[in-house]
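# give me a model of this one.
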Amino acid sequence: MIFDKMYKHEIEVLELINKSIKTKSRLILTYLNQHCFNIYNSRNGYKNLLENEIKVYQDGIGIYLALKCFGFKSIERLNATDLNEQLFSLFSERGMSLFLVGGMFDKRIVTEKASQKNINILGYQDGFFGEDKNQSLINNINKVSPDAVIIGMGVPKQEFTAVVISQNIQCKLVVCVGNFLEYYFESQKRAPKIFRIVGLEWLFRLISEPVRLWRRYLLGIPFFIYTIIKLRFKAYK
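A predicted model of the protein is given here:
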């Protein structure tokens, strides 16, 4: 199961990134939270990618508690947004160039924000495109030859896109970040720190975007709990 394969400590993820940068080895990295786990258990294509093509780290209170339930003891509670902030700081410190995919930002704003944050962005593509545009995206990435490609789209589209472009670009490092770019470029407000500390960032998001997210949390969380309980009892047999 994916729980055995995923990275459970921040230092492991950072070492993975550093190794890829240093050795120029191919790496596709993504996260797994409660919502992702529900998709993982319902879509074989996505499940196959996570188990065979992509390195995965745990994200959020739901997966953390699930790991505890399955007997994993010495683990940290990771948060993808916090970890991505560290990765972008690392990219800035090393002077790495990036190509961003995701969201719907004015390119002028992306350039201005990147300059303020000392991030070298060589190209940007919004996240609203179909598979027929993948080749165009690949061509644009290869034209500027970035050190890393950052993909912030919905799950599992970002993972499928990451694998397709990774197989056809010179760049070796591809990182999936979900809606992190909205936070990074400040087009969306993140939950107050108290919500994050107690593991209720999902509740803040639900309150902020109820129409878009009610299924993910009001239906998704009970389904997630049911699935974890079922898998745990199955493991006892």
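# all strands of the chain, in order?
Assigned by DSSP state E, the chain shows strands spanning 27-32, 55-58, 97-102, 120-125, 148-152, 173-176.
# ok, now how distant is the residue sitting nearest the centre point of the chain from residue 229?
With distances taken as C-alpha atoms, centre = their mean, the residue of the chain nearest its centroid is residue 177 (3.2 Å). For residue 177, the distance to residue 229 (C-beta to C-beta, to the nearest Å) stands at 30 Å. (Glycine included, C-beta is placed from N, CA and C.)
# buried ones in the helix with the most length in the chain?
Secondary structure of the chain per DSSP state H: the longest helix is helix 220-236. Burial within helix 220-236, assessed by neighbour count using 16 or more other C-beta atoms under 10 Å, is assigned to 220, 221, 224, 227, 228.
# Serialize the residues you listed to TSV and add fields for pLDDT and distance to residue 151.
Output for the buried residues of helix 220-236, formatted as TSV (pLDDT from 0 to 100; distance: C-beta to C-beta, whole Å):
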residue	pLDDT	distance to residue 151
220	96	22
221	96	26
224	96	24
227	95	26
228	94	28
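# of all those residues, which comes closest to residue 111?
residue 220 (36.1 Å; C-beta to C-beta).
# hey, which helix or strand in the protein has the poorest pLDDT?
helix 107-116 (a mean of 85; mean pLDDT, DSSP states H and E).
# if you count neighbours, what's buried in that one?
Across helix 107-116, burial judged by 16+ other C-beta under 10 Å covers 110, 113, 114.
# now find how far off-centre it is within its chain.
22 Å (C-alpha atoms, centre = their mean, to the nearest Å).
# same for that helix, what does it pack against?
strand 120-125 (3 or more C-beta pairs under 8 Å, 6 or more residues apart in numbering; DSSP states H and E).
# hmm, back to that, now distance to residue 186 too, for the buried residues of helix 107-116, in JSON lines please.
As requested, these are exported to JSON lines (distance: C-beta to C-beta, whole Å):
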{"residue": "110", "distance to residue 186": "11"}
{"residue": "113", "distance to residue 186": "7"}
{"residue": "114", "distance to residue 186": "12"}
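# out of those residues, flag the one nearest to residue 157.
Scanning the buried residues of helix 107-116 for proximity to residue 157, where the rule is C-beta to C-beta, the winner is residue 110, at 20.3 Å.
# give me the neighbour count for the nearest residue to the closest one once chain neighbours are set aside.
Excluding the flanking residues, the one nearest residue 110 by C-beta to C-beta, 6 or more residues apart in numbering is residue 124, at 5.2 Å. Neighbourhood size, residue 124 [other C-beta atoms under 10 Å]: 20.
# please enumerate the helices of the protein.
Using DSSP H, helices in the chain cover 2-5, 10-23, 34-40, 44-52, 60-69, 80-93, 107-116, 134-144, 157-166, 180-184, 193-197, 201-208, 210-214, 220-236.
# residue 201 contacts residue 191, doesn't it?
Yes: the criterion here is C-beta atoms under 8 Å, and residue 201 meets it with residue 191 at 4.4 Å.
# between these two, which contacts overlap?
Here residue 201 and residue 191 have no joint contacts, going by C-beta atoms under 8 Å, 6 or more residues apart in numbering.
# I'd like to know how far residue 69 sits from residue 61.
For residue 69 relative to residue 61 (C-beta to C-beta), the value is 12 Å.
# show me what contacts the residue nearest to the residue nearest to the centre of the chain when sequence neighbours are not counted?
Nearest residue to residue 177, sequence neighbours excluded (C-beta to C-beta, 6+ apart): residue 152, at 4.6 Å. By C-beta under 8 Å, 6+ apart, the contact list for residue 152 reads 100-103, 127, 158, 176-182.
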